[in-house]
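Q: Give the three-dimensional model of this entry:
(one chain, ligands or ions: 1)
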Amino acid sequence: MELRLDGVSVEVAGRALVRELRLDVGAGEVVGLIGPNGSGKSTTLRCVYRALRPTAGAVLLNGADLAAMTLRDSARVIAALTQESHGELDFTVEEVVALGRTPHLPHSRALSREERELCRRAMARVDVGHLAGRGVLTLSGGERQRVLIARALVQQPRVLVLDEPTNHLDVRHQVELVTLLRSCGLTVLVALHDLNLAAATCDRLGLLSGGRLVTTGRPADVLTPELVRRVFGVDATVVRHPRTGATQLLYDLTTPAGTAADGHDDAGPTGDAIAKGIRP
Ligand SMILES: Nc1ncnc2c1ncn2[C@@H]1O[C@H](COP(=O)(O)OP(=O)(O)OP(=O)(O)O)[C@@H](O)[C@H]1O
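A: Below you'll find the predicted structure:
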């Protein structure tokens with residue numbers, strides 16, 4: 001299923017948080033949103049999982065406007081792992097995972113045997129099967145994050161939207177999540193802070209700054225030292241992973257590169273200016 005952000009803008013209290021964002025995620029493609037704090041990544045994702053309505057533009061699924069679908073219908077197609085997903089009540093792990101079936105269940109029907117098996121497999125896939133009977137509030141941050149990934153999987157979506165899914169995950173579970181995102185066959189839009197993880201995970205990246213899309217492209221084309229310096233204010237050397245060939249950045253941790261554009265409307269060069277290499 002193809003996801004298209006068609007000129008999406010979000011304005012809150014007279015302030016533009018996202019401006020005319022155009023981005024396509026092809027069926028089965030993994031696209032990463034990267035950018036400094038406050039650049040508009042979460043706001044963009046909120047428009048896709050319908051926590052926010054774009055002020056202008058539209059989010060399209062296979063060409064159909066998401067705004068015209070019922071929330072239940074879109075929840076059958078789009079699963080989200082969000083920054084807000086953590087306010088669960090004290091359910092057990094298996095109860096939280098089973099909640100992923102809600103958009104598919106007629107009122108008050110219990111899970112079928114197949115659905116319980118689906119939940120069991122999803123829990124095993126993210127390594128939380130042994131926690132099935134535990135209360136989610138007793139879990140560590142990483143364990144809880146993996147439970148929420150299992151919940152998204154049992155939703156059997158066609159599109160997966162993830163906001164910083166590697167938060168709290170140790171390195172093994174980060175690698176497993178990358179493998180899962182790359183192999184699940186779903187259309188994936190994921191916001192990531194870790195640029196090396198983004199480069200290893202995503203087919204393409206969209207780089208945001210100040211609510212604008214600076215550029216999109218393959219990781220090797222987006223993660224250039226020039227753009228990383230202009231947008232993040234960090235000096236980095238680009239290397240290729242010796243085995244996988246993935247683009248990876250080695251940060252220079254000793255010398256600040258100067259002022260980066262941040263998420264504020266009135267600070268730093270605009271996204272367009274950055275994209276063209278123009279300093280005002
Ligand atoms: N409801 C809101 N009202 C006012 N401003 C908001 C609101 N939601 C977000 N913002 C502002 O919009 C900007 C973009 O926020 P957003 O959360 O999308 O950024 P982000 O790129 O996800 O940042 P981070 O990397 O810090 O998670 C920020 O300056 C934020 O303070």
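
Q: which residues does the residue lying closest to residue 35 once chain neighbours are set aside contact?
A: The shortest distance from residue 35 to any non-neighbouring residue, by C-beta to C-beta, 6 or more residues apart in numbering, is to residue 208 (3.4 Å). (Each C-beta comes from the backbone N, C-alpha and C, glycine too.) Residue 208 is in contact with 21, 33-35, 39-41, 44, 214, 271, counting by C-beta atoms under 8 Å, 6 or more residues apart in numbering.

Q: Out of those residues, which are close to the ligand?
A: 35, 39-41 (C-beta under 6 Å from any ligand atom).

Q: Find the pair from those with maximum spatial separation.
A: Longest distance between any two of these is 6.9 Å, between 35 and 40; criterion C-beta to C-beta.

Q: what is the residue nearest to residue 35 paired to in the beta sheet?
A: residue 213 (DSSP bridges).

Q: does the most centrally placed residue in the chain belong to a helix or a strand, and which?
A: Geometric centre of the chain, nearest residue: residue 190, 2.1 Å, by C-alpha atoms, centre = their mean. Using DSSP states H and E, residue 190 sits in strand 187-191.

Q: Parallel or antiparallel, list what pairs with that strand.
A: By DSSP bridges, strand 187-191 pairs with strand 30-34 (parallel), strand 159-163 (parallel).

Q: Quick check: what element follows that strand along the chain?
A: helix 195-201.

Q: can you give me how far that next one is from the chain middle?
A: Its chain's C-alpha centre and that of helix 195-201 lie 12 Å apart, by C-alpha atoms, centre = their mean, to the nearest Å.

Q: which helices and strands sit right next to it?
A: strand 30-34, helix 171-183, helix 219-222, strand 247-251 (3 or more C-beta pairs under 8 Å, 6 or more residues apart in numbering; DSSP states H and E).

Q: now the ones you listed in a markdown table, with mean neighbour count and mean pLDDT?
A: Shown next, in a markdown table, are the helices and strands packed on helix 195-201 (neighbours: other C-beta atoms under 10 Å; pLDDT from 0 to 100):
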| stretch | mean neighbour count | mean pLDDT |
| --- | --- | --- |
| strand 30-34 | 25 | 98 |
| helix 171-183 | 15 | 90 |
| helix 219-222 | 18 | 97 |
| strand 247-251 | 18 | 96 |
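
Q: circling back to that earlier point, model confidence for the residue nearest to residue 35, exactly?
A: Per-residue pLDDT puts residue 208 at 98.

Q: where are the low-confidence patches of the stretch 1-150 of the chain?
A: Low-confidence segments of the stretch 1-150 of the chain (pLDDT under 70): 85-88, 108.

Q: Residues of it that sit close to the ligand?
A: By C-beta under 6 Å from any ligand atom, the part of the stretch 1-150 of the chain that sits against the ligand consists of 12, 17, 35, 37-43.

Q: Kindly recompute the last result at 5 Å.
A: Within the stretch 1-150 of the chain, the positions lying close to the ligand (C-beta under 5 Å from any ligand atom) are 12, 17, 37-43.

Q: Where do the helices of the protein begin and end?
A: 41-48, 71-77, 93-98, 113-125, 141-154, 171-183, 195-201, 219-222, 225-232, 271-276 (DSSP state H).
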